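**Student:** Predicted model, plus sequence, below.
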Amino acid sequence: MIEIDDKIVSADLLREGFLCDLGRCKGICCVEGNAGAPLDLEEADILEREYPNYRPYMTPAGIEAVERQGFMVVDEEGDYTTPLVDDAECAYAYVENGVTLCAVEKAWAEGRTTFRKPISCHLYPIRLMPFSNGTIGLNYHRWSICEGARACGARAGVPVYRALREAIVRRFGEAFYHQLEEAEALLKQTKQA
């Protein structure tokens, strides 16, 4: 673990490979799991406010799930998450050319909303763990469905945090990202010594 300001970062984010391989996984992370994507209350409010902008990209089942369950639900652990369709795919998911994608992100890509998607989705496989003292843990979540991404990242020499540069900067800022780069360089120096 590496401490940077008020964050505890798993060193695996700096040394293990990861690069999404949608051709292999087909976006299954939006379908499988035991709950929807983690949300904070602000994101739930944004999802509600921006609904008319991304609704056209949603499936009829996804629309029905949101209209029945709401823009977020509370899971069995008491966390806010995206609603699901039949306890499977995220209500905001749709399929294009055999790949499951995000309707919210599609609306963002087309300039229909300024909200890209929930930060937990954008940061995946980094999972944030808030501590009671205000510190935030950045952990590497390993899921079997991401084996292709791990292999692709290892071949390309791209560590997790570099693959997620845009998401990390979105959530924590450019300065924090540069601190991760410095930490990676120090790890490499230590390994070579």
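**Tutor:** Received it, and whenever you're ready, just let me know what you need. Numbers count the residues shown, from 1 in each chain.

**Student:** in the longest helix anywhere in the chain, what counts as buried?
**Tutor:** If you go by DSSP state H, the chain has its longest helix at helix 174-192. Neighbour-count burial for helix 174-192, with 16 or more other Cβ atoms under 10 Å as criterion, is recorded at Phe176, Tyr177, Gln179, Leu180, Ala183, Glu184. Any C-beta I mention is one placed from the backbone N, CA and C, and that applies to glycine too.

**Student:** quick one, strands of this protein?
**Tutor:** Assigned by DSSP state E, the strands in the chain fall at 2-4, 7-9, 73-74, 80-81, 93-96, 99-102, 126-130, 136-140.

**Student:** where along the chain do the helices fall?
**Tutor:** Using DSSP H, the helices of the chain run over 12-15, 22-25, 41-54, 60-69, 103-109, 119-123, 147-156, 160-163, 165-172, 174-192.

**Student:** Adding distance to Glu76 and mean pLDDT as columns, could you present the ones you listed in a markdown table?
**Tutor:** Shown next, in a markdown table, are the helices of the chain (distance: least, Cβ to Cβ, whole Å; pLDDT from 0 to 100):
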| stretch | distance to Glu76 | mean pLDDT |
| --- | --- | --- |
| helix 12-15 | 27 | 92 |
| helix 22-25 | 26 | 86 |
| helix 41-54 | 18 | 95 |
| helix 60-69 | 14 | 96 |
| helix 103-109 | 24 | 96 |
| helix 119-123 | 17 | 93 |
| helix 147-156 | 27 | 90 |
| helix 160-163 | 28 | 94 |
| helix 165-172 | 26 | 96 |
| helix 174-192 | 32 | 87 |
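
**Student:** Burial check on Cys25, number of neighbours?
**Tutor:** Cys25: 18 surrounding residues under other Cβ atoms under 10 Å.

**Student:** ugh, wrong one, I meant Asp5
**Tutor:** 10.

**Student:** Spatially central residue in this structure, please.
**Tutor:** Cys121 (2.3 Å; Cα atoms, centre = their mean).

**Student:** contacting residues for the nearest residue to that residue once chain neighbours are set aside?
**Tutor:** Counting by Cβ to Cβ, 6 or more residues apart in numbering, Cys121 lies nearest to Ala37, which is 5.0 Å off, once chain neighbours are set aside. Counting by Cβ atoms under 8 Å, 6 or more residues apart in numbering, Ala37 touches Thr81, Thr82, Cys90, Pro118, Ser120, Cys121.
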